[in-house]
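Undergrad: Here is my input, please return the structure:
(one chain, ligands or ions: 1)
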Amino acid sequence: MIATVPAACSPSTALARRDALNAEQRQAAEHGDGPLLVAAGPGTGKTATLAARVASLLGRGADPQRLLLLTFSRRAAQTMGQRAAHLLAATRGGQAPAAAALPWSGTFHAVAARLLRDLAPAIGLPADFSVLDRGDAEDLMASVRSARGQAELPRRFPLAPTCLAIASRCVNTDAPLADVVTEHYPWCRPWTGELQQLFADFSRHKLQHRLLDFDDLLLAWAEAMDVPAVAQALGRRFDHVLVDEAQDCNRLQARILAGLKPDGRGLTLVGDDDQCIYGFRGADRQLMLDFAATHGERATVVALTRNYRATPALVAAAQAVIDGAARRLPRVMHSGVDAGPRPRLVRVDDEAAQATWVVDEVLRLREQGLALKQQAVLFRTGTHASVLELELVRRGVPFVKFGGLRFLDTAHVKDLLALLRWSRNPRHALAAQRCARLVPGIGPAAVRRLLAALESGGDPVAAIDAFQPPPGAREGWQGLATLWSALHRGALPWPESYDAALDWLTPQLRVRHDDAAVRLADLAQLRAAAHAQPDADRFLADLALDPPQSSSDLAGPPHRDEDWLVLSTIHAAKGQEWRAVHVLSVVDGCMPADLATGRAEEIEEERRLLYVAMTRARVHLNLVVPHRFHVTQQHRHGDRHLYAVPSRFIDARVQACCDDIDLRPDQPATLGLDLPPGCADIATTMRQRWGTAG
Ligand SMILES: Nc1ncnc2c1ncn2[C@@H]1O[C@H](COP(=O)(O)OP(=O)(O)OP(=O)(O)O)[C@@H](O)[C@H]1O
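TA: The predicted model follows:
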């Protein structure tokens, strides 16, 4: 992604609105080029500080082309670029920013994809590789797994998503398979040898077909950095490397950074070790925790502790939760805003009562003037919101949900992207299979023939030309083959090629789906995103690397009068804030998720998850505790209800920071009659009822 900033200005106008930054923020922004770690708590202005640092560096004459900005999402890179642009514009007397590119900004994966295309000839990779998104990687793993006959083994072999998760953990934590299996997937231990072979086949298949998945992107970049000539050339290419959300960097990313800036010169890390919630993807807080030790005297660590988001009562409660954490960079947060209501611990009977209470509360706050959009309901995983969703629909409260089924995982979006992907990479078997199946009359046998022809090693274009579909599918296949060939040859310029693909797909969707109109509306949104990209490769890589969560993510700014409640997993709520936040199911068994077997570090990550949820609130925070809680698919036990207690992270200190509200119905009252014990013997009377006394 390309963020825009104005051209560099004179050093004398170093930083706009200096007085808007507090002393620590300013120290970080104006720091020289020694290794810098900004350890910042929630709401302390990480974005503002990093943007100010970018502006300051450019103001001091840094070349925007030689600045590498690594962020957690595409949106974050965009925000950073815009903010830096405004700051610099202000230093130049309020002139409108003259847009110049800050071309090397984006997520690690997006930047990796671009770098690797450039580096490909030097490092032995095909420059025309396609990027496999997570869903496609899972499909491919499934297909390699069944090709190896592992789907039919007598004892159950791990399913494809588990296999992919194991492979991914090995790559991202830079750890041997045997260790990962023993530590995180002990029930898969008997399969270690089989898994090793499966992963070797998976890897071979990807390289043969010029496919790189997310893990490959990082792995290839990290491996390239082990080659001194590449590391030195790339390290010299960027004067400054700035990393946002550094707490979520994994071992591979740490290796990449060490390769780029071995002595830390020009390296800036900004992050919050207390908000590291991606351990399951290999995120490792060690990069931050060890920063001072790694860089010794050269290192500067700046702590940002003034929270500009939340009221003192909310900051105190969140601090009490995180103070219970085992190992962290010590920081005590202070609120920089006015007082507000205390957070509330709301105890209700069960999940139905939880849903009813939350909707009542959301509507009550709206009556008080708090728009729905200023409120969010957060939960651990998408399924925890289903009862609430039903209640919202029943009561006509509009909402948008983030973090559930991703937009890119919907069938119609996958169909369209498969068409584009296959035309870019004729060997992309998954995409070919998906497209061929769209043609009425082409069944599994014909698809197998097509794939065999593509795999035969000959020219895939000739194989597609020569393919003989079943008789009933001739016309349909011809339409697809003509479109494919036009797209592949580049006969249509981008983005007309997107429109042509959409035109071909439209009648197929109308035949296949009752709700085709809704699906076509999604693809129209996607069209707008396609038209904003310079070519198909950038469009596809961007989508795979930084997928939108819903079609509304692709839409422009909503109309002012539209209002909806945000429902989000805590992971997807990262970096955001709302005036009111309602957290669902703050009970043991949900936070932390695993009651008995969780390892200490995993349990600690759950604490941080709750901390992230609580620190999204600006004024109102409700932690809801349903005392009966439904658990899905627990090992051995199946679905069941738990009699739940508040999360173990809500200890006495945290409770002291909250108002405790118990809305459970009173226990059923006793009759309260005053009769002496033993005044009758009904049991004996009943036994005698059928004449069998004694
Ligand atoms: N010096 C400042 N003066 C006033 N407001 C500030 C200052 N710095 C930041 N803010 C405001 O504080 C709020 C939080 O900032 P920001 O979103 O950057 O926090 P953050 O550190 O990224 O938080 P989190 O890690 O929780 O996502 C924003 O509304 C921002 O405008």
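Undergrad: Surely residue 274 is within a strand?
TA: No. Assessed with DSSP: H, G, I helix; E, B strand; the rest coil, residue 274 is helix; it does not lie in a strand.
Undergrad: Check whether it really touches residue 328, as I assumed.
TA: Yes. Using Cβ atoms under 8 Å, residue 274 makes contact with residue 328 at a distance of 5.9 Å. Backbone N, C-alpha and C define where each C-beta goes, glycine included.
Undergrad: Find residues that contact each of the two.
TA: The contact sets of residue 274 and residue 328 overlap at residue 322 (Cβ atoms under 8 Å, 6 or more residues apart in numbering).
Undergrad: The two: which has the busier surroundings?
TA: Taking other Cβ atoms under 10 Å, residue 274 and residue 328 do not tie; residue 274 has more neighbours (26 against 18).
Undergrad: For the residue in the chain that the ligand sits nearest to, grab the count of nearby residues.
TA: Closest contact between the chain and the ligand, by Cβ to the nearest ligand atom, is at residue 45 (2.7 Å). Using other Cβ under 10 Å, residue 45 has 23 other residues around it.
Undergrad: ok, now the one 3 residues further on?
TA: As a burial measure, the neighbour count of residue 48 was computed by other Cβ under 10 Å and equals 20.
Undergrad: same deal with the one 3 residues further on?
TA: Counted with other Cβ under 10 Å, residues neighbouring residue 51 total 25.
Undergrad: from memory the residue of the chain closest to the ligand sits against residue 308, does it?
TA: Yes. Between residue 45 and residue 308 a contact is recorded at 5.9 Å, counting by Cβ under 8 Å.
Undergrad: show me the contacts for the residue of the chain closest to the ligand.
TA: Neighbouring residues of residue 45 by Cβ under 8 Å, 6+ apart: 21-22, 25, 304, 308.
Undergrad: which one of these has the most neighbours?
TA: residue 304 (26 neighbours).
Undergrad: Could you tell me which residues of this structure lie near the ligand?
TA: When proximity is defined by Cβ under 6 Å from any ligand atom, the chain lies next to the ligand at 20-22, 25, 40, 42-48, 272, 275, 308-309, 575, 615.
Undergrad: Inside helices: which ones of those?
TA: Among the residues of the chain next to the ligand, DSSP state H puts 25, 46-48 in helices.
Undergrad: State the pLDDT value of residue 378.
TA: Looking at residue 378, its pLDDT is 96.
Undergrad: what's the burial count for it?
TA: Residue 378, neighbours per other Cβ under 10 Å, totals 29.
Undergrad: How about residue 118?
TA: Around residue 118 there are 11 other residues, counting by other Cβ under 10 Å.
Undergrad: just checking, next helix/strand downstream of the helix or strand it falls within?
TA: Here residue 118, judged by DSSP states H and E, is contained in helix 108-123. Using DSSP H and E, the helix or strand that follows helix 108-123 in sequence is strand 130-132.
Undergrad: Any buried residues in whatever helix or strand comes next after that next one, and which?
TA: Counting by DSSP H and E, the next helix or strand C-terminal to strand 130-132 is helix 134-147. By neighbour count on 16 or more other Cβ atoms under 10 Å, the buried set for helix 134-147 is 134-145.
Undergrad: again, but for stretch 282-302
TA: Under the neighbour-count criterion of 16+ other Cβ under 10 Å, stretch 282-302 has 282-289, 291-292, 294-295, 299-302 buried.
Undergrad: before we move on, what about stretch 113-129?
TA: Of the residues in stretch 113-129, those buried (16+ other Cβ under 10 Å) are 113-117, 119, 125-126, 129.
Undergrad: how about it as PDB, C-alpha atoms only?
TA: The C-alpha coordinates for stretch 113-129 follow below in PDB (Å, rounded to 0.1, in the frame of the first residue of the first chain):
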ATOM      1  CA  ALA A 113       5.400  -9.700  -1.200                       C
ATOM      2  CA  ARG A 114       6.700  -6.600  -2.900                       C
ATOM      3  CA  LEU A 115      10.300  -7.000  -1.800                       C
ATOM      4  CA  LEU A 116      10.300 -10.700  -2.900                       C
ATOM      5  CA  ARG A 117       9.100  -9.900  -6.400                       C
ATOM      6  CA  ASP A 118      12.100  -7.500  -6.700                       C
ATOM      7  CA  LEU A 119      14.500  -9.800  -5.000                       C
ATOM      8  CA  ALA A 120      13.200 -13.000  -6.800                       C
ATOM      9  CA  PRO A 121      15.900 -13.300  -9.500                       C
ATOM     10  CA  ALA A 122      18.700 -12.800  -7.000                       C
ATOM     11  CA  ILE A 123      17.300 -15.300  -4.500                       C
ATOM     12  CA  GLY A 124      16.000 -18.000  -6.700                       C
ATOM     13  CA  LEU A 125      12.300 -17.500  -6.400                       C
ATOM     14  CA  PRO A 126       9.900 -17.100  -9.400                       C
ATOM     15  CA  ALA A 127       9.000 -13.400  -9.700                       C
ATOM     16  CA  ASP A 128       5.500 -14.200 -10.900                       C
ATOM     17  CA  PHE A 129       4.400 -16.100  -7.700                       C
END
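Undergrad: now that stretch, how far from the centre of its chain.
TA: 26 Å (Cα atoms, centre = their mean, to the nearest Å).
Undergrad: For it, give me every contacting residue.
TA: Residues contacting stretch 113-129 (Cβ under 8 Å, 6+ apart): 106, 131, 210-212, 217, 220-221, 224, 227, 230, 234, 424-425, 541, 545.
Undergrad: Next: stretch 563-574.
TA: 72, 275, 277-278, 362, 371-373, 375-382, 385, 388-389, 392, 397-404, 549, 576, 578, 583, 609-610, 612-613, 616.
Undergrad: now do 7 Å
TA: Residues from elsewhere that reach stretch 563-574, judged by Cβ atoms under 7 Å, 6 or more residues apart in numbering: 277, 362, 371-373, 375-382, 385, 397-403, 549, 578, 609, 612-613, 616.
Undergrad: element containing the most centrally placed residue in the chain?
TA: Nearest to the mean C-alpha position of the chain, by Cα atoms, centre = their mean, lies residue 572 at 5.8 Å. Of the helices and strands defined by DSSP H and E, residue 572 is found in helix 570-573.
Undergrad: Repeat that for residue 585.
TA: Per DSSP H and E, residue 585 falls between elements, in no helix or strand.
Undergrad: can you list the domains in this protein?
TA: 3-111+219-304, 130-209, 312-406+560-662, 410-490+507-523 (automatic domain parsing).
Undergrad: Go ahead and confirm residue 303 touches residue 330.
TA: No. Under the criterion of Cβ atoms under 7 Å, residue 303 is not in contact with residue 330, lying 8.5 Å apart.
Undergrad: Neighbour count: the two, which is higher?
TA: Neighbour count, other Cβ under 10 Å: between residue 303 and residue 330, residue 303 has more, with 17 against 7.
Undergrad: For the more buried one, name its beta-bridge partners.
TA: Beta-bridge partners recorded for residue 303 (DSSP bridges): residue 39.
Undergrad: show me what contacts it?
TA: Residues counted as contacts of residue 303 (Cβ under 7 Å, 6+ apart) are 24, 39, 331.
Undergrad: The second one touches residue 329, doesn't it?
TA: I take that to be residue 39. Yes. Between residue 39 and residue 329 there is a contact at 5.0 Å, judged by Cβ under 7 Å.
Undergrad: what touches both of the two?
TA: What both residue 39 and residue 329 touch, as defined by Cβ under 7 Å, 6+ apart, is the set 273, 288.
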